[in-house]
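> Return a 3D structure for these sequence lines:
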Amino acid sequence: MGAHGKRRLAFRRHGAAASIVLICFALAACDFGTGRPEPLTYDEAVKRVTFDGGFATVDFSNLNRHDIYLVRINSSGLPVPGGNAGGVTQFLSGYAAVQNFNANPPPVDMEMRHNAGAAADIVPRDIGGKKNFWVEKNIADDSWEQRPAVLAAAGEHGNIWVMEENMPAGAGENIISTAQAEEMAKKFDEIYRLTTNLLGHEYGGGPDGDGGMDGDKKIQILIYDFYDPAYEADGPRYAGFFYVKDFYTQAELDSERLGWKTNLAEMFYLNARTVIDSPDFAYTTLIHEMQHMINFNGKFIKHGLNSGDWYNEMLSMLAEDVIAPLIGIGRNHPSHPISLRIPSFLNSYYRSGITEWRNFYSTAYAFGAYLVRNYGGPELLKRMLENDEVDVESVTTALKEFSEDMDFEKALDRYGEALIFSGSSMPNDIVTFDRTVTGTVNGQRYTAYGFDIWKMRRYSTEEIGPLVPDFEPASMRPHSVIIQSIAEWKNKTGNFSITLERPADQNVIFYLMAR
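Numbers count the residues shown, from 1 in each chain. Next up, the predicted model:
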């Protein structure tokens, strides 16, 4: 076969699937050796597919052992059935109750907010003092009981309460030592300072705050044994939580017929076993829940806005992302969201849309991590918390503060690049997870560290990098992305052309990318 000859390979997948024909031009120039491909320019590597009629042909040139991927983006807030998502065609050339209540709390009576502190059980200030708290041992079973807790330690910004049975003299399953409580108070002081500096304050907090619901400017942190029977029989699933029911008076909760009990305090709940077995995870949990508390004040109390779960959880994990390294939990630590969330994301990124909530924390975190590393750094997180919007509108408003031409839809449009490009061999101007960005807020530096997704192992597998399905029909979740490829698209050199069929759903956007 001559230097300008053609090789054609045809095959049919599962009978009814479309036949595929491959053509590689300039075959004599193909180099199938090993080594890292030379980076292409952006325009050579990233091709948005524009359809003229029912089909479009995309040409690649200057390939040097590159792999090619089809990137599908669902730009709409609705799911797309697999049959409507388009594809390669005949021609190819060259904890539920807590979460639900936090997301949709009832209206608030601000006058009652300001008067509640006088009626609250003001906390004792002395270490060793006791206070009763309403708790559930099994989360969300609506079986409330008042149980005594001991003030085991106190810092500048937090009171550490330990349920009496979890104290050294108690008979609980998990005993919290005085040293552990004191370390928790010390660490929370760091967390509080770093989080409020970046994100703002909780209700009643800040230099001019009045202490909020309980009149105490410290956050109450209660450590005890709790379980989620829906998921586990013999151990905790949740490390901790923030429950906005404690912002309401008992009369308000009763009027909503919720059956819950309030502790009338700005507070967090931590699982005693987590504090003992994984203290660093308990600390990142406090960062996470602190964002929820600040978000509730900034969005709901100040502006009357309910945040979508995907948005609220994204912000909490971004807070962990940039604050955890400042308290000694670096990007390679098992409790950092890069290590904790990205392996799961790589295995299941296409199973949940960005703007829906199916308990895929990894999907929400990854999109936020992409935004922060490419469109404003850690200060983008601050801007999203500060504006008077939520969800897609909040993301757009914050993005426009850094680039007037950028919005949520345009960021989503380029998101596929971040799933393809990492490492040293990247085109200029590409967007990627593999970018370290630092920002300074009120004199404090915050850093979002880059990471190479093609060197990370997928959750519960020995495989590395994002899962790449072949061309079987694939449904798409709202505002989602999926990358696909086949063996015949790998290790290509020279010129290569691909013809695609227009998707039936106009909201599905195609890119072809060479890595």
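> So Ile73 belongs to a strand, correct?
Yes. Counting by DSSP: H, G, I helix; E, B strand; the rest coil, one finds Ile73 located in a strand.
> need the contact list for it.
Leu412, Asp413, Tyr415, Gly416, Ser480, Val481, Val508, Ile509, Phe510, Tyr511 (CB atoms under 8 Å, 6 or more residues apart in numbering). All C-beta spots, glycine's among them, are computed from the backbone N, C-alpha and C.
> Try it again at 6 Å.
Taking CB atoms under 6 Å, 6 or more residues apart in numbering, we find Ile73 in contact with Gly416, Val481, Ile509.
> quick one: it from Gly53, how far?
From Ile73 over to Gly53 the distance is 21 Å, taken as CB to CB, to the nearest Å.
> coming back round to it: please indicate which of the contacts of Ile73 has the highest neighbour count?
Greatest neighbour count in those, by other CB atoms under 10 Å, goes to Val481: 27 neighbours.
> Please name every helix or strand in contact with the helix or strand containing that one.
Take DSSP states H and E as the rule and Val481 turns out to sit in strand 480-484. Packing partners of strand 480-484 (3 or more CB pairs under 6 Å, 6 or more residues apart in numbering; DSSP states H and E): strand 68-74, helix 408-420.
> Switch these over to TSV; also include distance to Gly212.
Formatted as TSV, the helices and strands packed on strand 480-484 follow (distance: least, CB to CB, whole Å):
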stretch	distance to Gly212
strand 68-74	41
helix 408-420	32
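> and of the ones you listed, who's closest to Pro107?
Across the helices and strands packed on strand 480-484, Pro107 has its closest neighbour in helix 408-420 (28.1 Å, CB to CB).
> that older thread, which one of the helices and strands packed on strand 480-484 is the most hemmed in?
Among the helices and strands packed on strand 480-484, strand 68-74 has the highest mean neighbour count (mean count of other CB atoms under 10 Å), at a mean of 23.
> re earlier: could you point out which of the contacts of Ile73 is nearest to Gly368?
Looking across these and measuring by CB to CB, the closest to Gly368 is Val481, at 14.5 Å.
> who are the neighbours in contact with the closest one?
Taking CB under 6 Å, 6+ apart, we find Val481 in contact with Ile73, Tyr415, Gly416.
> change it to 8 Å
Contacts of Val481 were listed using CB under 8 Å, 6+ apart, and they are Val71, Arg72, Ile73, Asn74, Tyr349, Tyr350, Leu412, Tyr415, Gly416, Leu419.
> Go ahead and confirm the first one touches Arg414.
No. Counting by CB atoms under 8 Å, Val71 stays clear of Arg414, with 10.0 Å between them.
> Just want the phi and psi numbers for the spatially most central residue of the chain.
With distances taken as CA atoms, centre = their mean, Tyr365 lies nearest the centre of the chain, 1.5 Å away. Dihedral pair for Tyr365: phi -60, psi -50, per degrees, to the nearest 10.
> Setting aside sequence-adjacent positions, which residue approaches it most closely?
What sits nearest to Tyr365 in space, not counting adjacent residues and going by CB to CB, 6 or more residues apart in numbering, is Met317, at 4.0 Å.
> pretty sure the one you found is in a strand, no?
No. If the criterion is three-state DSSP, then Met317 is helix and not within a strand.
> Pull the contacting residues for Ala514.
Counted by CB under 8 Å, 6+ apart, Ala514 has contacts Leu40, Glu44, Ala45, Phe60, Leu63, His66, Asp67, Ile68, Tyr69, Lys492.
> where's the third one relative to Asp429, distance?
According to CB to CB, Ala45 stands 10 Å off from Asp429.
> ditto for the first one
Using CB to CB, one obtains 12 Å as the distance from Leu40 to Asp429.
> And these two? Which one has more around it.
Ranked by neighbour count (other CB under 10 Å), Leu40 and Asp429 place Leu40 first, with 22 against 10.
> From what I see, the more buried one and Asn62 are in contact.
Yes. At 6.3 Å, Leu40 counts as touching Asn62 under the criterion of CB under 8 Å.
> so what's in contact with these two at the same time?
Common contact partners of Leu40 and Asn62 (CB under 8 Å, 6+ apart): none.
> Surely Ala282 forms part of a helix?
Yes. Ala282: assigned to a helix according to three-state DSSP.
> Could you number the chain from 28 rather than 1 from now on?
Right, with 28 as the first residue, what we last looked at is Ala309.
> That one and Ala208 touch, don't they?
No. Between Ala309 and Ala208 there is no contact under CB under 8 Å: 11.7 Å.
> show me the contacts for the residue lying closest to Gln247 once chain neighbours are set aside.
Counting by CB to CB, 6+ apart, Gln247 lies nearest to Met294, which is 3.7 Å off, once chain neighbours are set aside. Met294 is in contact with Ile246, Gln247, Ile248, Leu249, Phe269, Asp273, counting by CB under 8 Å, 6+ apart.
> Check the fourth one and give its pLDDT.
Right, Leu249. Note for Leu249: predicted pLDDT of 98.
> Quick check: phi and psi on it?
Main-chain dihedrals, Leu249, degrees, to the nearest 10: phi -110, psi 120.
> Quick check: closest non-adjacent residue to it.
Excluding the flanking residues, the one nearest Leu249 by CB to CB, 6+ apart is Trp188, at 4.6 Å.
> Quick one: mean pLDDT for the host helix or strand of His319?
Secondary-structure assignment from DSSP H and E places His319 in helix 306-322. The pLDDT scores in helix 306-322 average 98.
> top strand in this protein by residue count?
For the chain, the strand with the greatest residue count under DSSP state E is strand 82-93.
> tell me the angle the longest helix seen in the chain makes with helix 306-322.
Determined from DSSP state H, the single longest helix within the chain is helix 205-226. If you take axes from the mean of the first three to the mean of the last three CA atoms, to 10 degrees, helix 205-226 sits at 40 degrees to helix 306-322.
> in helix 205-226, what's buried?
Neighbour counts over helix 205-226 (16 or more other CB atoms under 10 Å) mark 207-212, 214-215, 217-219, 221-226 as buried.
> do the same with stretch 332-341
Neighbour-count burial for stretch 332-341, counted by 16+ other CB under 10 Å, picks out Leu332, Ser334, Gly335, Asp336, Trp337, Tyr338, Asn339, Glu340, Met341.
> quick one: low-confidence parts of the protein?
Across the chain, the ranges flagged by pLDDT under 70 are 28-65, 110-124, 126, 136-152, 167, 256-264.
> Helices of that one, residue ranges please.
For the chain, the helices defined by DSSP H occupy 69-72, 123-130, 137-146, 205-226, 277-282, 299-304, 306-322, 329-330, 336-350, 364-375, 388-401, 405-413, 418-429, 435-447.
> coming back round to it: columns distance to Gly155 on top of the contacts of Ile100, output as TSV?
Below are the contacts of Ile100 laid out as TSV (distance: CB to CB, whole Å):
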residue	distance to Gly155
Gly443	57
Val508	54
Ile536	62
